[in-house]
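Participant: Predicted model, plus sequence, below.
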Amino acid sequence: MAMTSATKIGLSIAVATGLYGVSFGALGVAAGLTVWQTCALSLLMFTGGSQFAFIGVIAGGGTGAAATGAAALLGVRNAVYGMQVSRMLRPHGSRKLVAAQVTIDESTATAAGQTEVGEQRRGFWSAGLGIFVLWNLFTALGAVLGDALGDPRRWGLDGAAVAAFLGLLWPRLSAREPVAIAVVCALVTVIAIPFVPPGIPILIAAFVAGVWGWFSRGPAREGLEADIDPASLDTRANAAAQERN
Amino acid sequence: MSLWTWILIASAIAYITKLSGYLVPARMLENPHMTRVAGTLTIGLLASLTAMNAFSEGQLLAFDARVGALVIAAIALAMRMSFLGVVILGAVAAAGIRAIGVG
């Protein structure tokens, strides 16, 4: 693959995103999963938000079913990304099956930040495959390290989980409305915790957020920002983004 | 069902969701309602997961070292620190607060 601007952005994103696989690996084990279970999530599920959601519910004492529900709902946005990538890259046959697995926030955003179709394709694949490789390597490293650490609370890993979720949420709080949605859903969760089994408050909050989105008017792209903005890594991409806006 | 089974089911759902974007006719997912719900759902779930991990102790509400981690993480994010830096700082905050016996 030629080292074009999109490839460089894709690989920078891959390094930045892949590295935080360490935190997922360590937190997965701290949540009570085995090293292999934690690695399986990165390999098979491969969508950071849903993976963190799954282990977050398990860590809070929720059932496998509640964890699966939270992970599934948090993955809904990937269907929208799949449609966008499908339209940009028009992959065929078995490529489609591989492209689907690496369709996540970062690979979609890297492709969408490019204007030329060849660059979109290089951006998508370099970010998607690069993140896949590094995310899995660093998950394994984090899981093994987490396993060796022992009591997760002593090392503040429960605090790290809180910071991780806030870190995933933060880039999406770009206007007043997403902040309002976040505050309402956080409040709904806290109010529900004493009354329903662990894990269920998250599904109640998801219902509130879904109803909010369905019945109110607002920008369609809200909440679909990448955790690490590819545009911030390249001035040319920045200029292109400004042109579009 | 065992946790392994749930991991496989949840992973299959995640993959089918991604693939549906490539297979379903564009006009079905292009529905502006659908795109918007995908966005608000993402925000709501991440906010809910943040709150649950900060304040829940099983079915009880708790106010401990994790709240310190939440505040420190918010400050770090406002100062544009990287994701990994924020996560590490969250761990340091919670462990530190516990070490001095407050949380």
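Facilitator: Nice, I can see it. Since this is a predicted model, take the numbers as computed values, not measurements. Numbers count the residues shown, from 1 in each chain, chains lettered A, B, ... in the order given.
Participant: what residue ranges in chain B are flagged as low confidence?
Facilitator: B:26, B:29, B:103 (pLDDT under 70).
Participant: For it, which residue gets nearest to chain A?
Facilitator: Nearest to chain A in chain B, going by CB to the nearest CB, is B:Gly21, at a distance of 1.9 Å. (C-beta placed from N, C-alpha, C; glycine too.)
Participant: pretty sure B:Ile97 is in a strand, no?
Facilitator: No. Per DSSP: H, G, I helix; E, B strand; the rest coil, B:Ile97 lies outside any strand segment and is helix.
Participant: Name the single longest helix found in chain A.
Facilitator: Ordering each helix of chain A by length in residues (DSSP state H) puts helix A:117-149 first.
Participant: Can you spell out which helices and strands pack onto that one?
Facilitator: helix A:5-19, helix A:21-30, helix A:35-40, helix A:77-89, helix A:93-101, helix A:105-112 (3 or more CB pairs under 8 Å, 6 or more residues apart in numbering or on different chains; DSSP states H and E).
Participant: Helices of chain B, residue ranges please.
Facilitator: Under DSSP H, chain B gives helices at B:3-23, B:26-30, B:32-55, B:65-78, B:83-99.
Participant: could you dump the helices and strands packed on helix A:117-149 to a markdown table with mean pLDDT, distance to chain B and mean neighbour count?
Facilitator: Converted to a markdown table, the helices and strands packed on helix A:117-149 look like this (pLDDT from 0 to 100; distance: least, CB to the nearest CB, whole Å; neighbours: other CB atoms under 10 Å in any protein chain shown):
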| stretch | mean pLDDT | distance to chain B | mean neighbour count |
| --- | --- | --- | --- |
| helix A:5-19 | 88 | 6 | 22 |
| helix A:21-30 | 94 | 4 | 26 |
| helix A:35-40 | 98 | 6 | 19 |
| helix A:77-89 | 90 | 2 | 23 |
| helix A:93-101 | 94 | 4 | 15 |
| helix A:105-112 | 90 | 9 | 28 |
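Participant: just to revisit the earlier point, could you identify the helix or strand that succeeds the longest helix of chain A?
Facilitator: Elements were assigned by DSSP states H and E; along the chain past helix A:117-149, the next helix or strand is helix A:157-169.
Participant: which SS class is the residue located most distally from the centre of chain A?
Facilitator: Distance from the C-alpha centroid of chain A peaks at A:Phe195, with 29.0 Å (CA atoms, centre = their mean). Here A:Phe195 is coil, with the state taken from three-state DSSP.
Participant: measure it to A:Pro201 for me?
Facilitator: 9 Å (CB to CB, to the nearest Å).
Participant: Nearest residue to the middle of chain B?
Facilitator: Using CA atoms, centre = their mean, the residue of chain B that lies closest to the mean C-alpha position is B:Leu46, 4.2 Å off.
Participant: Pretty sure that one sits against A:Arg172.
Facilitator: Yes. B:Leu46 is within contact range of A:Arg172, at 7.1 Å (criterion: CB atoms under 8 Å).
Participant: ok, back up a step: where's the longest helix of chain A relative to the chain centroid, distance-wise?
Facilitator: Taking the mean of its C-alpha atoms, helix A:117-149 sits 12 Å from the chain's own mean (CA atoms, centre = their mean, to the nearest Å).
Participant: now do stretch A:28-39
Facilitator: How far stretch A:28-39 lies from its chain's middle: 18 Å, per CA atoms, centre = their mean.
Participant: Run through who's touching that stretch.
Facilitator: Stretch A:28-39 is contacted from outside by A:24-25, A:41, A:51, A:55-56, A:58-59, A:136, A:139-140, A:142-144, A:146-147, A:152, A:157-158, A:161, B:3-4, B:7, using CB atoms under 8 Å, 6 or more residues apart in numbering or on different chains.
Participant: who's in contact with the closest residue in space to B:Thr40 that isn't next to it in sequence?
Facilitator: Using CB to CB, 6 or more residues apart in numbering or on different chains and skipping residues adjacent in sequence, the residue nearest B:Thr40 is A:Gly213, 3.2 Å away. Listed by CB under 8 Å, 6+ apart, the contact set of A:Gly213 reads B:33, B:36-41.
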